[in-house]
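In: Everything below, folded, please.
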Amino acid sequence: CASTRETAMNGQSGTTHWALGILAAVGIFAAPPLALAQDNPIRIAIEGQFPPFNYLDTNGELQGFDVEIADALCAAMKAECEYVTQDWDEMIPGLLDDKYDAIISSMSMSDERRAVADFTERYYDSPSIFITNKQSDLEAFAPDDLAGKSIGVSLATSQEAYAKSLYGRSDIKVYGTSPELYDGLAKGEVDVVFEDKLAAYDWLTNTKTGQCCEFRSEDIKDAAFFGDGAGIAVRKEEQDLKTALNAALATITEDGTYNMINAKYFPFSIR
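Out: As a prediction, this is how the structure comes out:
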């Protein structure tokens, strides 16, 4: 499930009812699981600008891997969910300001994010990678190799933090969204982009403009910047929600729902 640019503030009493609804949904209480959850839906934030994980279709509806995973988790919890579209650079601040209850938007569990929010178990893992135009003569991608070169990254991402930390002698060009990043590479605005591999895989293989470019480096993983894959972010005090989401993730993994969604988007396991 992704998001629709709306927020709801239900106050402390709403939070209490919502928590009870979650506990009921996972069977801790014998009360009917849907009643309280329907009164106080779980608010889930999704960006909508990171295909194939989350994007807006021609009708303005949220689609993608994250959306279908969120749908499946809500079904497993027998909980009503409400979706909120949120610009990426405001994702964590919006969570902390109680604009929504969880983020299901391909968020890597970096140390920086763990310092302010809590996360569920990983629901997928993807390395980062350098991508260039097929005509590029770049062959190595260490900081010394890219000194003086321009590197494109997306705003407020782990890739941006990594590039700015390690590639200080390169020109780091920051784009607002992944589609803008890809367009910049296709137009030759940057020499190389540094991006999540699975997100870029969709662009390279399933779009006309993506035929211009290709993966050029080895996979890059650094737990300090990228954490242990993508998880669902919740506020630190919302442990009941975290527990319920982890239980739902285990359920959709065991019953085959996760694999079915995975296969729809990728011809290999991303777990």
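In: can you pull out the strands in the stretch 1-150 of the chain?
Out: For the stretch 1-150 of the chain, applying DSSP state E, counting those that start in this stretch gives strands covering 42-46, 49-50, 54-56, 62-63, 81-85, 102-108, 118-119, 128-133, 150-154.
In: now the ones you listed in CSV, with distance to residue 165, mean pLDDT and mean neighbour count?
Out: To be clear about C-beta, it is placed using only N, CA and C from the backbone, and glycine gets the same treatment. Shown next, in CSV, are the strands of the stretch 1-150 of the chain (distance: least, CB to CB, whole Å; pLDDT from 0 to 100; neighbours: other CB atoms under 10 Å):
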stretch, distance to residue 165, mean pLDDT, mean neighbour count
strand 42-46, 26, 98, 27
strand 49-50, 22, 94, 22
strand 54-56, 26, 96, 23
strand 62-63, 32, 98, 19
strand 81-85, 29, 97, 21
strand 102-108, 15, 97, 26
strand 118-119, 21, 98, 21
strand 128-133, 13, 98, 23
strand 150-154, 12, 98, 23
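In: wait, which of those is closest to residue 70?
Out: Residue 70 lies closest, by CB to CB, to one member of the strands of the stretch 1-150 of the chain: strand 102-108, at 4.4 Å.
In: give me the beta-bridge partners of residue 107?
Out: Taking DSSP bridges, one finds residue 231 as the beta-bridge partners of residue 107.
In: same question, residue 173
Out: Using DSSP bridges, the beta-bridge partners of residue 173 come out as residue 152.
In: Wait, it touches residue 188, no?
Out: No. Assessed by CB atoms under 8 Å, residue 173 is found out of contact with residue 188, at 11.9 Å.
In: Those two: which is more packed in?
Out: More crowded of residue 173 and residue 188, by other CB atoms under 10 Å: residue 173, with 16 against 12.
In: Show the contacting residues for the more buried one.
Out: Counting by CB atoms under 8 Å, 6 or more residues apart in numbering, residue 173 makes contact with 150, 151, 152, 153, 184, 189, 190.
In: That one and residue 165, how far apart?
Out: Applying CB to CB, to the nearest Å, the value for residue 173 to residue 165 is 16 Å.
In: Residue 117 now?
Out: Separation of residue 117 from residue 165 (CB to CB) stands at 21 Å.
In: When those two are compared, which one has more neighbours?
Out: Per other CB under 10 Å, whichever of residue 117 and residue 165 has more neighbours is residue 117, with 22 against 12.
In: can you pull the contacts of the residue nearest in space to the middle of the chain?
Out: Centroid-nearest residue in the chain, with CA atoms, centre = their mean: residue 106, separated by 1.3 Å. Neighbouring residues of residue 106 by CB under 8 Å, 6+ apart: 50, 53, 54, 65, 66, 124, 196, 199, 230.
In: same thing but 10 Å
Out: Contact analysis of residue 106 by CB atoms under 10 Å, 6 or more residues apart in numbering lists 46-47, 50, 53-54, 64-66, 69, 88, 123-124, 126, 157, 178, 196, 198-199, 229-231.
In: and the nearest residue to it once chain neighbours are set aside, what does it touch?
Out: The shortest distance from residue 106 to any non-neighbouring residue, by CB to CB, 6 or more residues apart in numbering, is to residue 53 (4.5 Å). Contact analysis of residue 53 by CB under 10 Å, 6+ apart lists 2, 46-47, 63-69, 104-106, 124, 126, 178, 196, 198-199, 202, 230, 265, 270.
In: one more time with 7 Å, if that's ok
Out: If you count contacts by CB atoms under 7 Å, 6 or more residues apart in numbering, residue 53 has them with 64, 65, 66, 106, 199.
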